[in-house]
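> Could you look at this predicted model? Sequence included:
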Amino acid sequence: MCAVVGIVATSPVNQSLYDSLLLMQHRGQDAAGIATAQGKRVHLARGMGLVRDVFRTRDMRNLLGEMGVGHVRYPTAGSAMSSEESQPFYVNAPFGIVLGHNGNLTNAPELQEDMYQRDRRHINTESDSEVLLNVFAHELQQAVHGLNLDPDAVFAAVSVLQRRTRGAYACVAMIPGFGVIGFRDPYGIRPLVLGERDSDQGMDYMLASESVALEALGFQLVRDVNPGECVVITEERELFSKACGPTSSLNPCVFEFVYFARPDSQIDGVSVYDARLRMGETLAEKVARAFPKGDIDVVMPIPDSSRPAAMQLAMRLNVPYREGFIKNRYVGRTFIMPGQEVRKKSVRQKLNAMASEFKGKRVLIVDDSIVRGTTSREIVSMARESGAKSVIFASAAPPVRFPNVYGIDMPTRKELIAHGRSDEEICKAIGADHLIYQDIEEMKADVRGFNPLIGGLEASCFDGNYITGDVTPALLDRLESSRIAER
């Protein structure tokens, strides 16, 4: 999972890009990058690590210009630790294009070969984002006649790109002397929003992965970029948009609402916070059926993303809500940390149990999801060590039984605790007395209920239905092999 941002403004954008990446740091802590344009010149700074560590004062001073793009990354394709794969990527022809990508292409190897054999373009890394950039660059070169670049040429290039590529992508691109471009895959799997801000010199525009980045910088959320749509914001701050895909439908990734997005964001017309509250309500109904006599003394969340669901669940059950786990905010999200041993060690560095809240109590612990089970197993162990009489574990999401190929770092089936196991076996594996999962259809209904325009939800890691229709067992095997090799 990654975050992208693009801004065209009436004043320098370097600080705004930096601030927006800080606001979306939760979407990736592996690498960060910013590119700005001043006239025909591109200024680029990028590297491995957190936003605050990548950019020095000298970098910010060199990021000149009133338009730019930014990116934070954690790896889903390509090398996990290569600074060469930090984004945004740059290609010099045609015109000079900088691109940042959130998502994952499922046909990247085929495209890479096609780039070399047919388009005579060299791909220097293993990143599917560089492949995507070169497809866009090639098709833009084919669409432009002479030196006259206009929005219609961009729309034509994106139209062909959508026919050639498969998978999930929400992208921002910048062409110096022209403007900033944003486009989204025809299924709308990965999010992208458009905002505007009125300044003394005119209107500023911004594209970002989450609305929270807009609001904190004084931009108003205008709308989501539609599936298959391309938005062009020229250097003169003129706005153009067009639906480029022959067919499109809105199928956002449900894991955004379960875990990844900040609760104060709005994605595809749905408040992430409200969706998580609703998940807590439906989960409460299932818990009440499983424990009609109560048998629960206290409800506790795993901070932070499960708090809304846990609070609503406790209220519906009329059971006290307590914060039994205290989070160290200076440890990264364990789900997206590379390597099982690193994740296991970091759980106790990240969370500490308060024994006074557990001793002699029948505890219901609520988490947003159970992926590898590493965190869940350690949490149950901590609760027992703190004196819990019994531990019930509830997940606001269904079992994660299948790999994700659209930009979430869990393609290896062996890593998924629910793959090939029953609920009873999972419960035993994490050491809980009881385990309760949200139902798939209930979860989908919880999200779709807020926006009837959502045609479906990309929920392949729960139901095994890959919406792009091109995911085969051979592809899953290839992805799994590549991830094992990287580790």
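Looks like it came in fine. Numbers count the residues shown, from 1 in each chain.

> Name the spans of the stretch 301-450 of the chain whose pLDDT lies under the cut-off.
Segments of the stretch 301-450 of the chain classed as low confidence (criterion: pLDDT under 70) are 331-346, 348, 410-411.

> residue boundaries of the strands in it?
325-327, 351-353, 362-367, 390-395, 434-437 (DSSP state E, counting those that start in this stretch).

> Out of these, the one nearest Asp185 is which?
Counting by C-beta to C-beta, Asp185 lies closest to strand 390-395 out of the strands of the stretch 301-450 of the chain; the figure is 28.2 Å. Using the backbone N, CA and C atoms, a C-beta is placed for each residue, glycine as well.

> I'd like to check the angle between that closest one and strand 362-367, please.
If you take axes from the mean of the first three to the mean of the last three C-alpha atoms, to 10 degrees, strand 390-395 sits at 20 degrees to strand 362-367.

> mind listing what strand 390-395 pairs with, with the direction of each?
When pairing is defined by DSSP bridges, strand 390-395 lines up against strand 362-367 (parallel), strand 434-437 (parallel).

> Among those, show me which one is buried the most.
Neighbour counts averaged per stretch over the strands paired with strand 390-395 are highest for strand 362-367, at a mean of 24; criterion: mean count of other C-beta atoms under 10 Å.

> still on that earlier bit, and the strands paired with strand 390-395 as a markdown table, adding distance to Pro403?
Listed next are the strands paired with strand 390-395 as a markdown table, based on distance: least, C-beta to C-beta, whole Å:
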| stretch | distance to Pro403 |
| --- | --- |
| strand 362-367 | 20 |
| strand 434-437 | 18 |
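
> circling back to that earlier point, export the strands of the stretch 301-450 of the chain as CSV, with columns for distance to Leu194.
Formatted as CSV, the entries for those read as follows, by distance: least, C-beta to C-beta, whole Å:
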stretch, distance to Leu194
strand 325-327, 33
strand 351-353, 37
strand 362-367, 33
strand 390-395, 34
strand 434-437, 36
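
> which residues in the stretch 1-150 of the chain form helices?
Taking DSSP state H, counting those that start in this stretch as the criterion, the stretch 1-150 of the chain carries its helices at 14-23, 51-54, 57-62, 108-114, 128-143.

> Pretty sure Ala355 is one of the things Gly324 touches, is it not?
No: at 9.1 Å, Gly324 and Ala355 do not qualify as touching, with contact defined as C-beta atoms under 8 Å.

> what's the overlap in contacts for the two?
Common contacts of Gly324 and Ala355, defined by C-beta atoms under 8 Å, 6 or more residues apart in numbering, comprise Ser386.

> more neighbours, those two?
Set side by side, Gly324 and Ala355 show unequal neighbour counts under other C-beta atoms under 10 Å, the larger going to Gly324 at 26 against 14.

> the helices in the stretch 151-300 of the chain, which residues?
Remark: helices assigned in the stretch 151-300 of the chain by DSSP H, counting those that start in this stretch are 151-164, 211-216, 254-255, 272-290.

> okay, those in CSV with mean pLDDT next?
Written out in CSV, the entries for the helices of the stretch 151-300 of the chain read as follows (pLDDT from 0 to 100):
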stretch, mean pLDDT
helix 151-164, 96
helix 211-216, 96
helix 254-255, 95
helix 272-290, 96
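
> Can you lay out those helices as a markdown table showing distance to Tyr406 and mean neighbour count?
Formatted as a markdown table, the helices of the stretch 151-300 of the chain follow (distance: least, C-beta to C-beta, whole Å; neighbours: other C-beta atoms under 10 Å):
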| stretch | distance to Tyr406 | mean neighbour count |
| --- | --- | --- |
| helix 151-164 | 15 | 20 |
| helix 211-216 | 21 | 22 |
| helix 254-255 | 9 | 26 |
| helix 272-290 | 18 | 20 |
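
> a markdown table please, covering those helices and showing distance to Tyr116.
Below are those laid out as a markdown table (distance: least, C-beta to C-beta, whole Å):
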| stretch | distance to Tyr116 |
| --- | --- |
| helix 151-164 | 14 |
| helix 211-216 | 36 |
| helix 254-255 | 34 |
| helix 272-290 | 41 |
